[in-house]
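Novice: A structural model of the following input is requested.
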Amino acid sequence: MKIADLKKHIRDVPDFPQEGIIFKDISTLLKNKEAFRKSIDELARKFGRERIDYVVGVEARGFIFGAALAYKLGVGFIPVRKKGKLPFKTKSVTYKLEYGTDTLEIHEDALAPNARVLVVDDLLATGGTIKAVVDLIIAQKARIVGVAFLVELRFLKGKERLKDLPVYSVIQY
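Specialist: Below is the predicted model of the structure:
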């Protein structure tokens, strides 16, 4: 399977979650074993030569790709979750959304200073969520070696919020 073939496995859902939005549904890619494997293999190919200590996955779909990629790379996996979901002491960041604010958290002992981190999520849109995650990781004095996505919606210019970081997306729209 070629990378270009992966787009065939992503379903467009019009008017979700609101009218005028075309939602990129990755569940159809996830259920196809060859497409899912190719996605993880491509992310591993891109970052396999980097010295990475942890993959940080963003709730919720970032957990799917992040955990599989951490396994493939032979490194640890660290979840970043919505407020109140982690059981131990946390560090948090609150950020703006189009319709309000949200808060993300990481365990305060998740990352040692200078730990080398790859951040993974399913989709890069406006970049607000991933920029908040980056800020959370930097606050723990860890080093971000890259930020990776399955899908990037280029027209929303989310990459501009990550100017100083290596950003890679398998599929672009």
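
Novice: Which phi and psi values does residue 13 adopt?
Specialist: phi -120, psi 100 (degrees, to the nearest 10).

Novice: so how far is residue 23 from it?
Specialist: 4 Å (C-beta to C-beta, to the nearest Å). All C-beta spots, glycine's among them, are computed from the backbone N, C-alpha and C.

Novice: Secondary structure of residue 126: a helix, I assume?
Specialist: No - looking at residue 126 with DSSP: H, G, I helix; E, B strand; the rest coil, it is coil, so not inside a helix.

Novice: so it sits right up against residue 159, yeah?
Specialist: No - using C-beta atoms under 8 Å, residue 126 makes no contact with residue 159, being 10.3 Å away.

Novice: Can you pick out the residue with more neighbours from these two?
Specialist: When neighbours are counted by other C-beta atoms under 10 Å, residue 126 and residue 159 differ, and residue 159 comes out ahead with 19 against 16.

Novice: my read is the more buried one is in a strand, agree?
Specialist: No - read with three-state DSSP, residue 159 is helix and lies in no strand.

Novice: Check what pLDDT it gets.
Specialist: Per-residue confidence (pLDDT) for residue 159: 97.

Novice: before we move on, what about residue 98?
Specialist: 73.

Novice: Equivalent analysis for residue 25, please.
Specialist: 98.

Novice: Leaving out chain neighbours, which residue sits closest to it?
Specialist: Nearest non-adjacent residue to residue 25, counting by C-beta to C-beta, 6 or more residues apart in numbering: residue 11, 4.2 Å away.

Novice: isn't that neighbour right up against residue 30?
Specialist: No - using C-beta under 8 Å, residue 11 is not in contact with residue 30; the gap is 11.0 Å.

Novice: and these two? which has more neighbours close in?
Specialist: residue 30 (18 against 12).

Novice: what about the spatially closest residue to the more buried one that is not a sequence neighbour, which SS state?
Specialist: Distance criterion C-beta to C-beta, 6+ apart; nearest residue to residue 30, sequence neighbours excluded, is residue 36 at 5.4 Å. With three-state DSSP as the basis, the three-state label of residue 36 is helix.
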